[in-house]
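Chemist: from the sequence below, what's the structure:
(one chain, ligands or ions: 1)
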Amino acid sequence: MTRHVALVVNPTSGRGLGARVAPIVAKRLESAGLTVTQYETTCAEDVGRISAEVIASGADAVALVGGDGTIHLGAQVLAKSGMPFGVIPAGTGNDFARGIGVPLKDPQAAADLIVAGNTRSVDLATAKDEFITTVVAGGFDSLVNKRANAMTWPKGNARYTLATLAELRTFKPLQYVVTVDGEVIETRAMLVAVGTGATYGGGMQICAGAEIDDGLLDVTIIKPVSRLTLLQMFPKLSKGTHVGHPMMHTLRGRTVRLESTGVTAYADGEILGALPIDIGIAPGALTVFA
Ligand SMILES: Nc1ncnc2c1ncn2[C@@H]1O[C@H](COP(=O)(O)OP(=O)(O)OP(=O)(O)O)[C@@H](O)[C@H]1O
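Modeler: Model prediction:
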């Protein structure tokens, strides 16, 4: 039986990469014998609305072409629907795709995962009535995220580096109360990040070692350090060689409450809302081709 795949494309993701990648993917899926119906989103709301329509239409699978923001929007509808979903990375960060092992720079290879049809279930975090597919940033990293989102240049991950340098000039450690499965930790910190996946910001392994299907949230607290130490850590975060550094405190749990004054949390690269926030886990909520 021919499988019917709905290709939902955010043409603006990755500054137009989504629009460029979509026809390559459609061709690949069709040449493998799949039937493809393509939808282009015109605004953020379209991603969820079209995904819901596609689920109701009885398509066999959805493929989302976009970055982490697009995946976040689609996941709100696709979670717990049982609809298998393929990721075609076309954003600047692509951390969800990275976490599930989808090739990041080869749309044909990403499409081939949908053709092969092997699926797995992955966990989602939950907070403020939203599903989160990667990491919640709450501290210095949310300021970096905010600044990077407002920058138009440079295009790729270098935006996060420049935003980090700019924020470092004025940042002061914050006072937090972090409650993990009822254990209360009162601490000063540069940031507290909570994730189901390991990375954010285009490959920074802030929750290094996080397993996306273990039913647990990974919590990373970065203790107060000098600007120089934090700067020296950044290349290590991308390589994962920061693990074990005394400034890193890591925990795992099923519920996390983050409290700090004046901090806005970001999730999947977009604003989540002001702290305090309660983060939970929805084990195996999303079925992905991988
Ligand atoms: N036509 C559109 N369809 C969907 N979303 C859109 C559209 N135009 C603007 N957006 C907004 O674009 C945001 C960013 O999309 P996305 O995250 O997929 O790309 P990116 O920012 O380039 O990648 P990344 O998040 O991986 O860095 C979405 O969260 C959404 O709010």
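
Chemist: wasn't residue 184 part of a helix?
Modeler: No. Secondary structure of residue 184 (DSSP: H, G, I helix; E, B strand; the rest coil): strand, not part of a helix.

Chemist: since we're on it, how many residues are nearby?
Modeler: Residues within reach of residue 184, counting by other Cβ atoms under 10 Å, total 10. For every residue, glycine as well, the C-beta is placed using N, CA and C.

Chemist: for residue 230, same thing?
Modeler: Residue 230 has 19 nearby residues by other Cβ under 10 Å.

Chemist: which SS class is it?
Modeler: From three-state DSSP, the assignment for residue 230 is helix.

Chemist: need the pLDDT of residue 1.
Modeler: Listed pLDDT for residue 1 reads 63.

Chemist: cool, and residue 228?
Modeler: 89.

Chemist: what do you get for the one 4 residues further on?
Modeler: Looking at residue 232, its pLDDT is 87.

Chemist: show me where the stretch 1-150 of the chain has helices.
Modeler: Per DSSP state H, counting those that start in this stretch, the stretch 1-150 of the chain carries helices over the ranges 17-31, 44-57, 68-78, 95-100, 107-116, 140-150.

Chemist: nearest to residue 229, out of those?
Modeler: helix 140-150 (12.7 Å; Cβ to Cβ).

Chemist: what is the orientation angle of that closest one with helix 68-78?
Modeler: Counting by axes from the mean of the first three to the mean of the last three Cα atoms, to 10 degrees, helix 140-150 lies at 110 degrees to helix 68-78.

Chemist: which residues sit against helix 140-150?
Modeler: By Cβ atoms under 8 Å, 6 or more residues apart in numbering, the list of residues contacting helix 140-150 from outside reads 137, 159-160, 162-164, 166-167, 171, 190-191, 193, 200-201, 206, 222, 230, 263-266, 269-271.

Chemist: just checking, next helix/strand downstream of it?
Modeler: Remark: after helix 140-150, the chain's next helix or strand is helix 158-168, criterion DSSP states H and E.

Chemist: and the pLDDT for the residue in the stretch 101-250 of the chain positioned nearest to the ligand?
Modeler: Of all residues in the stretch 101-250 of the chain, the one sitting closest to the ligand is residue 202 (6.9 Å; Cβ to the nearest ligand atom). Listed pLDDT for residue 202 reads 91.
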